[in-house]
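Peer 1: here's a sequence, model it:
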Amino acid sequence: MSGIVHAWKIDGNGQASPAAIDDFDEPLAEGYYWYHFDRNDPATQALFDADEGVDVIATRTLLAADTRPRTIVRGRDVLINLRGVNLNPGAQPEDMIPLRFFIQAGRVITCNGKPMKAIGDMVERLETQTVSRTPGGFIATFALAVIERMTPTITDLNEQVDELEDLIDSSGRNRHDQARPKVAELRREAILLRRYLAPQKDALITLSQQQLPWIGQDDQLRLRDAADQATRVAEELDAVRERCAIVKDQLTDIRAEQMNQNMMILSVVAAIFLPLGLISGMMGINVGGMPWVEAEMGFWYVTAIVVAIGLLQLALFRLLKWL
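Peer 2: Next up, the predicted model:
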């Protein structure tokens, strides 16, 4: 049936095998099914509408265009929304992909609209390894897979900040100018990633606290571990954001220092030429009594005076450490 992307049956021993699509509306008494749907396929909603176990609220949540991470407990069923980084070609990691779960005692339904690396990781695990015998453990494994896919992105952000910190230690002004837009971009990316990771941690903690027949004590521990991993990633993103703020402050200080140096040079030049301009201006007025008007060496006398005053000013500025 169209709409279903993956269909697996996990028995009571944790062994997985491809599931028959006809069994979608019959949850297992021992073990569980996992069905993954494409929310963009019109047949997905038709299948949900035909299944009595998937009510209107569950259908609306599974097919929502945009969802924030959260956990909704409805009797013995649970709706949980998570987010994963977008690692598809040409996409930005901060454009996180929603992943929605509807969990029952014998069935796990997931739904999203874009390819997601973590889903492929779960399929590979089902094909090669024994998985959890309960839906609760399966969700914990899935959540950890989603977070593991975030680790390279966070590592890359930290490495880029390291490069920026090394860059501002260089003396090239052009390199500093190149760093400023990069700092803003990294900070924006860290903020967008953390926007969904913080509530994702709370959603996993909420699920781990539920007393449901398909969540065992080991499952609760693994869900808390997944929440701790989400917390760790969120804290690393906070660190990236704070480091970007520090780098930005350093770049601002460098620019301010450069401007102060330029203003100092202009002030010194102005201070040197101000008295010289005054002397030359006074010597150029057409009034009686001007010295050396008739002297053949008059121009050179004035030039010598101007040069002497200029050298005296330079010596004074060096003594005051203005130069």
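Peer 1: which residues of the stretch 101-250 of the chain score low on pLDDT?
Peer 2: 170-176 (pLDDT under 70).
Peer 1: mind listing the helices for it?
Peer 2: Applying DSSP state H, counting those that start in this stretch to the stretch 101-250 of the chain gives helices spanning 117-128, 135-148, 151-168, 173-208, 217-283.
Peer 1: buried deepest among the ones you listed, which one?
Peer 2: Mean neighbour count (mean count of other C-beta atoms under 10 Å) peaks for helix 135-148 among the helices of the stretch 101-250 of the chain, with a mean of 24. Yep, even glycine has a C-beta here, placed from its N, CA and C like the rest.
Peer 1: other SSEs contacting that one?
Peer 2: Contacts defined by 3 or more C-beta pairs under 8 Å, 6 or more residues apart in numbering; DSSP states H and E place helix 135-148 against strand 32-38, strand 77-84, strand 97-104, strand 107-112, helix 117-128, helix 173-208, helix 217-283.
Peer 1: can I get that helix in CSV, CA atoms only?
Peer 2: What follows is helix 135-148, C-alpha atoms only, in CSV (Å, rounded to 0.1, in the frame of the first residue of the first chain):
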residue,chain,number,x,y,z
PRO,A,135,8.2,-0.1,22.0
GLY,A,136,9.7,2.0,24.8
GLY,A,137,13.2,0.6,24.2
PHE,A,138,12.7,1.1,20.5
ILE,A,139,11.9,4.8,20.9
ALA,A,140,14.9,5.2,23.2
THR,A,141,17.1,3.6,20.5
PHE,A,142,15.5,5.8,17.8
ALA,A,143,16.0,9.0,19.9
LEU,A,144,19.7,8.1,20.5
ALA,A,145,20.2,7.5,16.7
VAL,A,146,18.7,11.0,16.0
ILE,A,147,21.0,12.6,18.5
GLU,A,148,24.1,10.7,17.3
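Peer 1: how far does it sit from its chain's centre?
Peer 2: 22 Å (C-alpha atoms, centre = their mean, to the nearest Å).
Peer 1: what's in contact with it?
Peer 2: Residues outside helix 135-148 that contact it (C-beta atoms under 8 Å, 6 or more residues apart in numbering) are 10, 32, 34, 80, 82-84, 99, 101, 103-108, 110, 118, 121-122, 125, 131-132, 204, 207, 212, 214-216, 218-220, 222-223, 225-226, 229-230, 233.
Peer 1: now do the contacts for Leu212.
Peer 2: 76, 78, 136.
Peer 1: how many residues are close by Leu320?
Peer 2: Residues near Leu320, counting by other C-beta atoms under 10 Å, number 8.
Peer 1: backbone dihedrals for it, please?
Peer 2: phi -80, psi 0 (degrees, to the nearest 10).
Peer 1: quick one: it and Arg224, what's the gap?
Peer 2: Counting by C-beta to C-beta, to the nearest Å, the gap from Leu320 to Arg224 is 65 Å.
Peer 1: can you report how many residues lie near Asp66?
Peer 2: So Asp66, with other C-beta under 10 Å, has 6 neighbours.
Peer 1: ok so, going back, okay if I get the contacts of Leu212 as CSV plus distance to Ala43?
Peer 2: What follows is the contacts of Leu212, written out as CSV (distance: C-beta to C-beta, whole Å):
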residue, distance to Ala43
Arg76, 27
Val78, 25
Gly136, 29
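Peer 1: out of the residues you listed, who's nearest Val287?
Peer 2: Distance ranking of these against Val287, using C-beta to C-beta, places Val78 first at 99.6 Å.
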